[in-house]
Structure formats: structure tokens, C-alpha cells
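> sequence plus predicted model, see below.
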Amino acid sequence: MRAGFVLWRALLACALLVAAGPARAQAVTIGAEDDWFPFSGVVNGEVRGLGVDLVRAAFAAAGVELKLQVLPYGRCIELVKRGELVACFDTVRNSTTEKEFLWPRE
């Protein structure tokens with residue numbers, strides 16, 4: 001469940017940027033968890049993992065420049081809650097986050 005949210009949030013952010021049209025800059029910064037490899041984690045000083053690859057591919061396919069802000073999960077979630085980041089991956093779906101974030105049906 002946690003990894004599935006990665007692509008959904010990234011695609012949502014990407015779609016919103018593309019829908020905004022060419023008047024807006026085509027770049028976005030989102031949070032990437034630093035310690036949940038093989039999905040998203042720092043390995044040899046670089047963020048890597050399945051989630052990282054999926055998010056990068058989604059933004060590249062939409063022609064949107066992606067910048068990843070690598071940080072601990074708790075801080076990543078807090079920055080999304082405060083509106084300082086548009087997305088954070090990988091986010092777990094549980095009773096706490098269920099009420100705070102938008103989730104896909106599947």
C-alpha cells in the first residue's frame with residue numbers, strides 16, 4: 001500500500017502542473033524519504049529505489065522538471081501538511097494519514 005501512494009501522488013502533482021499551462025514554470029520539488037530502501041532511501045550518498053524511479057519517470061513523461069528534497073519520513077509528512085511540499089513519498093496509509101491526505105480507491 002505504501003509504495004502505491006508514491007506514483008499516485010506524483011502523478012497528481014504532475015497533472016496539476018501540466019493543467020496549469022505554459023504560463024507556469026514546469027518544475028516541482030517533492031519530498032523523498034531517506035530511509036526506506038528499496039523504495040526510497042539514501043544509498044552511497046544518493047537517493048535511490050523503486051519509488052524514486054517511478055516518480056522520476058512520471059515527471060519526465062509529463063515534461064516536468066523534478067527536484068527531490070531528501071529527508072526523514074516524519075519531516076517529509078510535516079512539510080506536506082504545512083503546504084511547503086506538494087508531495088512526499090513513500091507515505092503509509094493508516095488511521096492517521098487516512099484523514100489527512102487524499103487516497104486512491106485502489
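It's in.

> quick one, what contacts Val80?
Gly31, Val86, Ala87, Cys88, Phe101 (C-beta atoms under 8 Å, 6 or more residues apart in numbering). In short, each C-beta sits where N, CA and C put it, glycine included.

> helices and strands of the protein: which one has the lowest mean pLDDT?
Ranked by mean pLDDT, DSSP states H and E, the weakest helix or strand in the chain is helix 2-19, scoring a mean of 52.

> what is the subsequent helix or strand relative to that one?
Using DSSP states H and E, the helix or strand that follows helix 2-19 in sequence is strand 27-33.

> among the contacts of Val80, which one lies nearest to Val55?
Relative to Val55, the closest of those is Ala87; by C-beta to C-beta it sits at 8.3 Å.

> picking that back up, need the contacts of Val80 in a markdown table with distance to Phe39, neighbour count and pLDDT, can you?
Listed next are the contacts of Val80 as a markdown table, based on distance: C-beta to C-beta, whole Å; neighbours: other C-beta atoms under 10 Å; pLDDT from 0 to 100:
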| residue | distance to Phe39 | neighbour count | pLDDT |
| --- | --- | --- | --- |
| Gly31 | 13 | 26 | 95 |
| Val86 | 19 | 18 | 87 |
| Ala87 | 14 | 24 | 87 |
| Cys88 | 12 | 25 | 88 |
| Phe101 | 17 | 16 | 78 |
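
> you'd agree Ile77 is in a helix?
Yes: counting by DSSP: H, G, I helix; E, B strand; the rest coil, Ile77 is found in a helix.
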